[in-house]
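Colleague: one predicted model, sequence on top.
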Amino acid sequence: MKQLLEAIQKQALEKLEKISELRELEDLKVAYLGKKGELTQILKGMGSLSSEERPIIGQMANDVRVALEEGIAKAKERLTKALRDAKLKSEVLDVTMPGKVRGLGKKHPLTAVLDEIKDIFIGMGYEIAEGPEVELDYYSFEALNIPKNHPARDAQDTFYISENVVLRPHTSPVQVRYMKEHTPPIRIICPGRVYRSDAVDATHSPVFHQVEGLVVDKGVTMGDLVGTLQAFAKGIFGEKTKIRLRPHHFPFTEPSAEVDVSCWGCGGSGCRICKGEGWIEILGAGMVHPNVLRAGGIDPEIYSGFAFGMGVERITMGKYGIDDLRLLFENDIRFLMQF
Amino acid sequence: MKAPVKWLKDYVDISVPVKEYTEAMTMSGSKVEGVEDMGKGIEKVVVGKILSIEKHPDADKLRICKMDIGSETLQIVTGAPNVKEGDYIPLALVGAKLPGGEIKLSKLRGVESYGMMCSIDELNLTRDYLPDAPEYGVYVFSGTPELGADVKDVLDLDQVVEFEITSNRPDCLSIIGLARESAVTLGVPFKKPQVTVKEEAGGNANDYASVEIQAPELCARYAARIVKDVKIEPSPVWMQRRLAAAGMRPINNIVDITNYVMLEYGQPMHAFDLNKIQGSKIIVRTAREGEEIRTLDGQDRKLDTQMLVICDENRPVAVAGVMGGENSEITEGTHTILLESANFKGSSVRITGKKMGLRSEASSRFEKGLDTENVIPALNRCAELIELLGAGKVVRGIIDCNVKPYEKKVMKLEPERINAFLGTDISAQEMIKIFEALEFEVDKEAMTLVPPSFRGDILAFEDLCEEVARFYGYNNIKPSLLTGKETMRGGKTYKQRMEDVITNTMRGCGLNEIYTISFTSPKVFDTINVPADHSMRNAVVISNPLGEDYSIMRTTTLPDMLRVLATNSNRKVPEARLFELAYIYLPVEGQMLPDEKETLTIGLYGGTSDFFELKGIVEELLSSLGIEKAEFKAEQNAFGFHPGRTANLYIDGKMAGTLGEIHPEVAERTECPPRTYVAMLDVQILIDASRTDKQYKQLPRFPAITRDLAIVVRDELYVADLMKAIEQKGGEYLEEVKLFDVYKGAQVPEGMKSVAFSLSFRAPDKTLKDEEVTQAMDRILKNLEKTFGAQLR
């Protein structure tokens, strides 16, 4: 009996060593430990043993069982691991292959720049005001201190719908409309489409976009205008950007200025982008003319303010190095995907 | 305004380099657009005199000259046909630089040439500047310039500064005005013009002619002088060169003098042949009905009663401030002239010039409103130059009709208020210094100012601030950021935030944003099959468009989207997913301004795009905007669209847009791919229906029971109607109905389709029993059988 048990253990453990599939392991487990298994049979035959022998053989049979169970568990672990390893090996991917994604659509570069501009001014407490593109002559000119037959009208090249209705040549009418409906303090920017009678070429379009700004409050100074423009220029072109104001004339502001920023290409030393000037003109600005405040129902004796305006296309082209304005309205997907 | 530097120097000392000067002028408000250096690129070109000319032994067209350049005699070979012994010629020496290149010692057919004789083309000069230059051949100096002298000095080659003068500063459309600004900018004295007229002819101008202003509101002042014994001839070279440098073509001495004075003083002048002025009377009036005039350019022009004209007793002889008439023109035979110096109303000159399509150096100055006090000084300068040039004899006295005498304007000088406005700390003395330099009269006791007569732009306090700021330096103003002002909330409006949601959702769906322009052609309506009488054809029409293609404001974005899709398709871009958020413009009866309707346009072709992808994008958008009550209904008559593959979107019963496949005929016509998909949605309706307030719902705690339901129905039935019917009878536990299959073909009878749904049932408070679900399924099926004749499959 004892020898038999030893033989079973030896044989079983030898088999376990060689086993290579989980299914075989299961069969083996049944062959030895199952109801009709060899070990089970021996245990069943214990009844025929003497009472002295029974505990000894019983103990021994139990040891064999434990040894077999341990062996089976070990073999199972070995086989499972081998199986997993094989699976992992078979699942190797070429991780250098391209990823799969539909991908986000792109913002048009004009929107991207407009959003940046909006963010900067919203951060400084501005609201965004809007108004009609087909606009009354009154709001487009007269309320802005440009009466009919004023020489400044020549420069505007305005599209007319009728004698009193125009396609707004700037977003300034929004400022007047806003002033009429709100009392100071006012801090707004007015982005939008504007129209001027320029034929399409690499730097002109009859339809383009502007952002204008208006601040009206008690005691607003020209220094506040300079500070605001400086903050804006740094925000959009980077911290190192400098600005320069040159005296100019606009009917709707007094004093008026044209504003240059240090060239984004060379930082001011002169390059191809700035044509060697070191400066690039990007906006017009000034202190709101008292006649304009009056047209907006605001008393210039009590309040003062500043206004500024810029062309979004110009800034966009500068920022991204786009050399032909027509690309912005042609919408070639290979162009749009670059932003 | 082109200002030759040497001319400016007559009135102000400009001793700094030109670059520094132009920079300073730009920063004080007279923007320099450029500097034209007439002698640029010319070096070592000197005056040489031809001593002898011999034939070249080996070339018929070449000649060998000995030339004296003062210090030595040089051998020069030339092909110029127009030279003779004794001529003075601009000679480029060996090593000379010309705009065309450098001159080297060369051999022409074996004979050495130590330089090159120059034509005006080689010196990059124009015949306007050197009118005596021959058509072909080298330039020959008139007179006897110093041998060896630099031609740049001899020819007076100057630097010409081009200024951009803003419309408020007509006084700077003159050499004197710019010299005055230069003086203040550079901090040097302005040399006031000193004019003396000898009036050698004696007599009295008022005995020769009289002036009457009948339209005082359009002509504030009209002054005239009489010049006798006029000799019409070319003006002297120095004057011609200055005019040419400033961009005006020399004509004859009288015309040149009037132009010279206009450029120098900013006051346009005109000369009439006095003998052609009938009745020797100048009448300034508006034109009469039916009057006509042939202007100096030979055009017959109809006059209207708004136009200001200069007349004699019988007829118009000039259009005031715009152009003279042929009937009073100066000619060879003219011996007595009347010189006009007048002040016409700017807007009148502007309107008349515009109506006639005429704009001249004179009218562009008048348009801006000129100084009535400049009329007499300019007239005197004109007379002085006539005497100086010996062009005629000036009669004593001036005929001066001054109907609106200039009134001085007294303004308060408030240094503190100016500082408060500018955000500066400039002393009163400094401000006074600036105003005095600008020729304001300053009363330091009363602290008042009187602007000079030529500064019509100075009207209000803010204008004074600008003068101080300009010369204090805009860039010396200390930046502040609304220091001490109330802070404000700022931010976007609800509409603007919803627009961001729309844009972000579109981008999330992989759509690229496009921008198209708002103009269109009336022809596009035919392209997209808009019926002839449809209201969409009623557009806002531009009265002065850039051509028919840009002549109306768009009433639909469809053609623009199709154009962009076609552009990409034509360029072999395989797939397009695009959107635009922009406006259309719809005229409203009885309203001045149109309704500007914001439209979201989506366009797809290629890749996985089909109707349901387009619809999916729209559904995604509705979900982003929190819109629940939306319904898609088939639409067979949307023009431009496929009759069987198009839906209208309704939100709360309102039509919010159309989406579908483009009609193959339209796709072909617009060069779009055959399967092109477009949606156009009314953004205002979307925003009105949007909801951003969200409420948390408890997560389900009990399991759901899912049942599938496959039925066979008539093909033309809408799935949406079946789903609605299922929801109606589903009972309280029906949680969701999903379509998972639609099948036509084998095992399904002709004209029928099999539609399969997956229904899920759930109770919030218990685990459902099978019977409960089975009952609901029975109800649903019975209803489908009854309503739609559906059969369980």
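Modeller: Cool, the structure landed.
Colleague: so what's whatever residue of chain A ends up closest to chain B closest to, chain neighbours aside?
Modeller: Nearest residue of chain A to chain B (C-beta to the nearest C-beta) works out as A:Gly223 at 2.7 Å. To be clear about C-beta, it is placed using only N, CA and C from the backbone, and glycine gets the same treatment. Nearest residue to A:Gly223, sequence neighbours excluded (C-beta to C-beta, 6 or more residues apart in numbering or on different chains): B:Gly423, at 2.7 Å.
Colleague: thought that neighbour was touching B:Ile477?
Modeller: Yes: using C-beta atoms under 8 Å, B:Gly423 is in contact with B:Ile477, at 6.2 Å.
Colleague: quick check: the gap between A:Asp115 and A:Val211.
Modeller: According to C-beta to C-beta, to the nearest Å, A:Asp115 and A:Val211 sit 11 Å apart.
Colleague: on that earlier part again, next up, the contacts around the residue nearest to A:Gly223.
Modeller: A:Thr221, A:Met222, A:Gly223, A:Asp224, A:Val226, B:Ile477, B:Lys478, B:Ser480 (C-beta atoms under 8 Å, 6 or more residues apart in numbering or on different chains).
Colleague: what do you get for B:Ala420?
Modeller: So B:Ala420 contacts A:Gly219, A:Thr221 (C-beta under 8 Å, 6+ apart).
Colleague: element containing it, please.
Modeller: Element membership of B:Ala420 [criterion: DSSP states H and E] is helix B:415-422.
Colleague: and that helix, which residues are buried?
Modeller: For helix B:415-422, burial by neighbour count (16 or more other C-beta atoms under 10 Å in any protein chain shown) applies to B:Pro415, B:Ile418, B:Asn419, B:Phe421, B:Leu422.
Colleague: which residues of chain A fall in helices?
Modeller: For chain A, the helices defined by DSSP state H occupy A:2-18, A:22-33, A:38-44, A:53-90, A:109-123, A:137-140, A:152-156, A:172-181, A:222-237, A:290-295, A:312-320, A:326-330, A:333-336.
Colleague: going by mean pLDDT, which of those helices comes out lowest?
Modeller: Of all those, mean pLDDT reaches its minimum on helix A:152-156 (a mean of 63).
Colleague: which one of A:Asp115 and A:Val211 has more residues nearby?
Modeller: A:Val211 (23 against 14; other C-beta atoms under 10 Å in any protein chain shown).
Colleague: one step back: dump the C-alpha coordinates for the helix holding B:Ala420 into CSV.
Modeller: This file holds the C-alpha atoms of helix B:415-422, laid out as CSV (Å, rounded to 0.1, in the frame of the first residue of the first chain):
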residue,chain,number,x,y,z
PRO,B,415,-3.5,123.6,-18.5
GLU,B,416,-4.9,121.6,-15.6
ARG,B,417,-7.8,120.4,-17.6
ILE,B,418,-5.5,119.5,-20.5
ASN,B,419,-3.3,117.5,-18.1
ALA,B,420,-6.4,115.7,-16.6
PHE,B,421,-7.5,114.8,-20.1
LEU,B,422,-4.1,113.6,-21.4
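Colleague: what about that helix, average pLDDT?
Modeller: The model assigns helix B:415-422 a mean pLDDT of 97.
Colleague: now swap in stretch B:506-513 and tell me
Modeller: Across stretch B:506-513, pLDDT averages out at 97.
Colleague: equivalent analysis for stretch B:65-82, please.
Modeller: 92.
Colleague: swap in stretch B:530-543?
Modeller: pLDDT averaged over stretch B:530-543 gives 94.
Colleague: list the buried residues in that stretch.
Modeller: B:Val530, B:Met536, B:Ala539, B:Val540, B:Ile542.
Colleague: and the furthest pair within those?
Modeller: Spatially, the most separated pair among the buried residues of stretch B:530-543 is B:Val530 and B:Ile542, at 19.5 Å (C-beta to C-beta).
Colleague: what is the burial count for residue 251?
Modeller: Unless you meant another one, I'm taking chain A. 21.
Colleague: switch to chain B, that's the one I care about
Modeller: 16.
Colleague: not counting its neighbours along the chain, what's nearest it?
Modeller: B:Ile251 sits nearest to B:Asn259 (C-beta to C-beta, 6+ apart), 8.0 Å away.
Colleague: isn't the one you found up against B:Ala244?
Modeller: No: using C-beta under 8 Å, B:Asn259 makes no contact with B:Ala244, being 10.8 Å away.
Colleague: between the buried residues of helix B:415-422, which sits nearest chain A?
Modeller: Nearest member of these to chain A, counting by C-beta to the nearest C-beta, is B:Leu422, at 4.6 Å.
Colleague: what's the nearest residue to that closest one if we skip its chain neighbours?
Modeller: Closest to B:Leu422 by C-beta to C-beta, 6+ apart is A:Met222, at 4.6 Å.
Colleague: the chain - how does it break down into domains?
Modeller: The chain I'm using is chain A. A:2-90, A:109-336 (automatic domain parsing).
Colleague: that answer is for a different chain, and I need it for chain B
Modeller: According to automatic domain parsing, the ranges for chain B are B:2-38+B:160-186, B:43-157, B:205-402, B:412-444+B:460-475, B:494-689, B:705-792.
Colleague: worst mean pLDDT among these?
Modeller: When I compare the domains of chain B, domain B:43-157 is least confident, with a mean of 90.
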